[in-house]
Structures are given as C-alpha cells and as structure tokens.
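Q: have a look; sequence and predicted model below, questions after that.
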Amino acid sequence: MADRFAELSTRLEELGCEALLVLARSAQDPDLVPFVGSVHIGECQLVAPRSGAARLAFLTPMERDEAAATGLALITPEDLDHTRWQSEALEPADLTAWVAARALELSGLTPGRVALAGHGPAGVIQAACARLSKDGWVWVPGNSIVLALRKRKTEAEVEAIRSAAAGACEAFCAVARLLAAATVIDGALWLEGEPLRVARLRAEAGRALSSRGLEQPKGNIVAPGDEAGVPHSAGTDERVLRPGESLVVDLYPRGPLFFADCTRTFCVGDPPEPLARAWAAVRAALERAYEWSVPGVRGWSVQESVCALLTEHGELTPISSPGTTVGYVHNLGHGVGLDLHEQPTFKKVSGAEGVLREGDVFTLEPGLYHPEQGFGVRLEDLVRLGDDGTLENLTPLPYELDPRAYL
C-alpha cells in the first residue's frame, strides 16, 4: 500500500493537485479499496495529500474498530462534529460538503486543486462540489488516477482473484456434469425426466458459486445456438437445449471484493462442421494470444496478431471489417479486479493503460460469432502476468466442446 501512496504522490504532482479526495458510499468503493483494504465501513471519505499522511473520515462511532483496521490516520465523527450535523438533519449534498471541507482542513490543506474520485449519486456530488468551489476548491477528475494505481495487483489481491476463479471453475464443472448426464429424446436434451433448459444450468452454476461464498452482481451468460452468436446475449431461461448446438457459458462471479471471469463453449454430441472449424480457429487464436502476452507489449498488438490469424481462417475481424457483427467482433480481453472491466485494455490507446506489465490480471477471450448459422464460440481464460514474465492461467479448465472432458 505504501508503494501505491508513493505513486499517487507522483501522479498528483503531474496534475498539479495537492491531494486526492475519494467520496465513497462505503469502504467497498473500488476507488477506496486500494487504500483501505477489506473493511466494513459505510459512507466515508479519504484525503490523500501529495505529501503527508492520508486520512480516512468516517461518520459513525459504531465503525471505529473497522476504521482503525485500515491503519490510516483517522478523522473521527467527533472531529467532524457529527452530533451537531445529525441534529441539523442536513441534506445529503450539504453533509457531503461539510465532511469534505472538514476532512480537507484537518489534513492541513487550503483551497486549491484537488483530484476527485469515488462513486456515488451524481447529483449529490455535483451539488457538494459546487458548494465547495465557492470557497476556492478546484476539482480535477481523479478516477483515472486510482484506476491506474489498481492495474498492478498485490499478492493479496491476486489471491482474492484466484479464489473467485477457483469457484468459477467449480461452477463450470457442475454445468458440464449436467450436460454430460443428459440424454437425447426427440431432438432435445433431457435430464431426470424433463427437458434440460437454460434455467437449470444457470441455477446449477449459481449454487456452485454460492457454496464458495461468491455472488453474481452482473449476472452471467448461458447462451445456446443462435443466442450464442450475439456475444452479450444472456440466454433465455426457458429455452430447451439441443444436441449439436453450441452453448456459450460465461461466468464472472465476485468474492467479497474481487471479480473473476471465464468462458467456455460446450456442445453435446457431434458438433456440425462449421462449429468444429470455428472452435479450432478460436483455440488457435487463444494460443496465439498466450504467445504474444509478454511484459511491455501493447494489448492492441496482441489484438492485431489474433485478428491476422482469424483472417487467415476466413473470418471477418474489427480490423478487416470495422463494425462487423459476424466473425470476430470484439477486443481480445480486459483487466479484471475490483471491477469486471479495468486496466489493462486491449483497445487502440497510446497510454500506459494499454501496456501489459508484470502484476497485471486480465482475460484473453477470442471468439467467433455466426448467428445466421446458429452458433457462437468463445474461450476465455483469466491470467496473471507474473513478475518473471510468464502467464499463470487462473482458470485451468479443459477447452473441448464435449462436456465429458470436464469429468
């Protein structure tokens, strides 16, 4: 954490800011967690001066032990004169402005340029900042600063992601067991005396994740056939699964704080030739992505290499056919951590957010989509780029279409 504060100081100096102010609705705010760790605190604010100790302002005495666990200097409810503002029943914007003004003052700061981060009600934050601006405070966008600080994961953060990823792997195996146990009756998959539907698989994945203490705040994807041909189609619960069709399963659970992300494509029975060819091309693309994902390379360069390979397989890509909805239609991956999508990026950017570095955790997820032919294929691994420059696969699952490969 000390390294992050040191880097923060450098970035604040580059922006000409005297401090970072994080307005958080709780200590689980992604812009606050990198500085406070895993604690249970409600609405709070962090002031991190460019030089000097960071301070955490919390609003209720009931949270004093959790606040102390952060190891930060504290601005207590008593410091904030909470008895008075509670009795005055301040509007949310007035309360936010009061706490921020007091926290900045107690941190030894006078009105000037401050980087602002955190997540919360836009109207409340706008009104609070407008009030403080009248006193001379100048606000500079600061979310991108914290996002950059979060790019390199600490060992503790990697362990949290690894735990979520292990739960995701268990859920994939649970789904595969149901698929492998299904029988074919009248052109549909049946299990335990009834048609096997998307809802059954989704519930099974949910149970497996829940048993590991994982939640799915952003849902999941269990998309068969033509629905799999549109990358973000979640899949229709009542749809009955059929042999010989693709089934894209994309799970992105979250533990107490950190996400994982993984995708596999299944097919019960013999896959049609177009599906088999697409799977082979996606598998080759994933291997290419692994080869190219080394420290110092730009994510966009890896994307370009994968696009070139898929073009050789006769597929359209975002480079050969910008805006295509058929073939390879998206970027190769994204960082994963406190948010499901964060740095590094595989988009065409010139900044450091597009460079793969040691300590990064990100996905590699090539896919091919042919809704007009009734199928889609995606294979997604969650990987960590280690300090020795090698990739660790945090989701070591089979890649085969046949669910029996998972048993």
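A: Yep, that arrived.
Q: quick one, what contacts Ser133?
A: Taking C-beta atoms under 8 Å, 6 or more residues apart in numbering as the definition of contact, the neighbours of Ser133 are Trp139. Just so you know, the C-beta spots here come from the backbone N, C-alpha and C atoms, and that holds for glycine as well.
Q: what about it, distance to Ile145?
A: Shown here: Ser133 relative to Ile145, a distance of 20 Å by C-beta to C-beta, to the nearest Å.
Q: same deal with Asp186?
A: Summarising the geometry, the distance separating Asp186 from Ile145, computed by C-beta to C-beta, is 59 Å.
Q: more neighbours, the two?
A: Ile145 (23 against 6; other C-beta atoms under 10 Å).
Q: which SS class is that one?
A: For Ile145, the assignment made with DSSP: H, G, I helix; E, B strand; the rest coil gives helix.
Q: quick one, what contacts the residue positioned nearest the centre of the chain?
A: Most central in the chain under C-alpha atoms, centre = their mean is Leu340, positioned 1.2 Å from the mean C-alpha point. By C-beta under 8 Å, 6+ apart, the residues touching Leu340 are 218, 252, 254, 259, 261, 334.
Q: near the closest residue to it other than its chain neighbours, how many other residues are there?
A: Closest residue to Leu340 in three dimensions, ignoring its sequence neighbours and counting by C-beta to C-beta, 6 or more residues apart in numbering: Phe259, at 4.8 Å. For Phe259, the number of neighbouring residues by other C-beta under 10 Å comes to 25.
Q: what about this structure, any weak spots by pLDDT?
A: In the prediction, the chain carries residues with pLDDT under 70 at positions 1-2.
Q: domain assignment for it?
A: Taking automatic domain parsing as the domain assignment, the ranges for the chain are 2-149, 155-406.
Q: show the end-to-end separation of the last one, please.
A: From its first residue to its last, domain 155-406 covers 29 Å (C-alpha to C-alpha, to the nearest Å).
Q: buried ones in stretch 163-182, by neighbour count?
A: Along stretch 163-182, the positions that meet the burial threshold by neighbour count (16 or more other C-beta atoms under 10 Å) are 163-172, 174-179, 182.
Q: now do the helices in this protein.
A: Listed from the start of the chain, the chain has helices (DSSP state H) covering 2-15, 33-36, 64-68, 82-88, 92-106, 122-133, 143-149, 155-181, 198-211, 225-228, 273-292, 299-312.
Q: these: which one's closest to Glu372?
A: Set against Glu372 and scored by C-beta to C-beta, those come closest in helix 225-228, at 8.2 Å.
Q: just the CA trace of that closest one, in CSV.
A: The C-alpha trace of helix 225-228 is given here as CSV (Å, rounded to 0.1, in the frame of the first residue of the first chain):
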residue,chain,number,x,y,z
GLY,A,225,-27.3,-21.8,-30.5
ASP,A,226,-28.2,-18.5,-32.3
GLU,A,227,-28.2,-16.7,-28.9
ALA,A,228,-24.5,-17.7,-28.5
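Q: what does it rub up against?
A: Contacts of helix 225-228 from elsewhere in the structure, counted by C-beta under 8 Å, 6+ apart, are 233, 235-236, 239, 242, 245-248, 265, 369, 371, 374-377.
Q: kindly recompute the last result at 6 Å.
A: Outside helix 225-228, the residues within contact range by C-beta atoms under 6 Å, 6 or more residues apart in numbering are 233, 235, 245-246, 248, 371, 374, 376.
Q: circling back: isn't the residue nearest to Leu340 right up against Val336?
A: Yes: A contact is recorded between Phe259 and Val336 when judged using C-beta atoms under 6 Å, the distance being 5.4 Å.
Q: number of nearby residues for Lys153?
A: Applying the criterion other C-beta under 10 Å, we find 22 residues in the vicinity of Lys153.
Q: repeat that for Thr345.
A: The burial count assigned to Thr345 is 22, neighbours taken as other C-beta under 10 Å.
Q: pretty sure it is touching Gly354, no?
A: Yes: when contacts are counted by C-beta under 6 Å, Thr345 is listed as touching Gly354 (5.3 Å).
Q: need the overlap of contacts for the two.
A: Going by C-beta under 6 Å, 6+ apart, residues that sit against Thr345 and also against Gly354 are Gly299.
Q: show me what contacts Arg50?
A: By C-beta under 6 Å, 6+ apart, the contact set of Arg50 is 9, 12, 18.
Q: so how far is Val114 from the closest residue in space to the first one that isn't next to it in sequence?
A: Think Ser9. Excluding its sequence neighbours, the residue lying closest to Ser9 (C-beta to C-beta, 6+ apart) is Arg50, at 5.3 Å. Relative to Val114, Arg50 is positioned 10 Å away (criterion: C-beta to C-beta).
Q: what's the answer for Gly354, then?
A: Applying C-beta to C-beta, one obtains 28 Å for the distance of Gly354 from Val114.
Q: these two: which has the busier surroundings?
A: Val114 (25 against 19).
Q: wait, the more buried one touches Ala19, no?
A: Yes: assessed by C-beta under 6 Å, Val114 is found in contact with Ala19 at 5.2 Å.
Q: if we ignore the residues flanking it in sequence, what's nearest Glu170?
A: If the residues on either side of it in the chain are set aside, Glu170 comes closest to Ala208, at 5.1 Å by C-beta to C-beta, 6+ apart.
Q: understood, closing this out.
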